[in-house]
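Participant: Output the structure for:
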Amino acid sequence: MKMKETSDVLWNLNLDEPREFYKGKRGTIVSARRTDKICPHDFGVSLEIPPEEEFRPTHVRLFFDLFLKNLSNSKHAKILFQLFERLYDGEDPEKLANEAAKLNFTMQLDDADVNLFYGQLLMIEQEFNYGPQGCKKGKVQPPREFFMRFIRWIASEDEEIDKIITNAVRNWPPPVKYSKRLV
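Facilitator: Model (predicted):
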């Protein structure tokens, strides 16, 4: 589903209601559950990687995974970063997943198609909590750009992952120069 459609589905979940959004090529399930933890309509993103139990990945997992992918195959990582730009623009991750499935990485936590699906959910979570209907004041507009700037920062290879992750966990915005799209 495109970002708008996915947002509508998430917004209309009942409290504690789960919803599966994707099953990856190797069986990983991407889902969300409404929690209202941060703001009304907030939700938690979950991954279930068989045979393991479901868990809640954070943005840090995705950032570290993208860093690993870039280290292991920078050519394919550049393609994945472009897919994230398209995802940011609202494209349907289901359509982008076919392109992502062709990418190969010797180091990764999750498959690239799975990255796109939970990446979309994490972007929407930013919109819900820091957008006009959210209860938090956002540092950038649209709110999902805060998240996307970290992805661009990783793609730039300007810094070590330690600095990027430190900024992310302390909720410090990435440098403004990462508001520019990847070319």
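Participant: Please state the offset of stretch 8-20 from the chain centre?
Facilitator: Counting by CA atoms, centre = their mean, to the nearest Å, stretch 8-20 is centred 18 Å from the centre of its parent chain.
Participant: now the end-to-end length of that stretch.
Facilitator: 14 Å (CA to CA, to the nearest Å).
Participant: Likewise for stretch 126-145?
Facilitator: Note: stretch 126-145 ends 9 Å apart using CA to CA.
Participant: So which residue is smack in the middle of the protein?
Facilitator: Centroid check for the chain by CA atoms, centre = their mean gives Gly119 as the closest residue, at 1.8 Å.
Participant: wait, that one sits on Arg61?
Facilitator: No: taking contacts as CB atoms under 8 Å, Gly119 lies outside contact range of Arg61: 10.6 Å. Where C-beta positions appear, they are placed from N, C-alpha and C, glycine not excepted.
Participant: if we can go back for a sec, which residues sit in contact with the residue nearest to the centre of the chain?
Facilitator: Leu62, Phe84, Leu87, Pro93, Ile151 (CB atoms under 8 Å, 6 or more residues apart in numbering).
Participant: Might one say that the last one is in contact with Gln82?
Facilitator: No: counting by CB under 8 Å, Ile151 does not reach Gln82; the two are 10.7 Å apart.
Participant: Looking at these two, which has the bigger crowd around it?
Facilitator: Ile151 (26 against 16; other CB atoms under 10 Å).
Participant: Could you check the pLDDT of that one?
Facilitator: Ile151 carries a pLDDT value of 98.
Participant: The longest helix anywhere in the chain: what's the following helix or strand?
Facilitator: Longest helix of the chain, by residue count under DSSP state H: helix 112-130. Per DSSP states H and E, the first helix or strand lying C-terminal to helix 112-130 is helix 144-156.
Participant: what's the burial count for the spatially closest residue to Glu20 that is not a sequence neighbour?
Facilitator: Nearest non-adjacent residue to Glu20, counting by CB to CB, 6 or more residues apart in numbering: Ser31, 4.6 Å away. Ser31 has 20 neighbours, counted by other CB under 10 Å.
Participant: Ser31 in helix, strand or coil?
Facilitator: strand (DSSP: H, G, I helix; E, B strand; the rest coil).
Participant: From Gly131, how far off is Ser31?
Facilitator: 22 Å (CB to CB, to the nearest Å).
Participant: ditto for Lys137
Facilitator: Lys137 is 11 Å from Gly131, by CB to CB.
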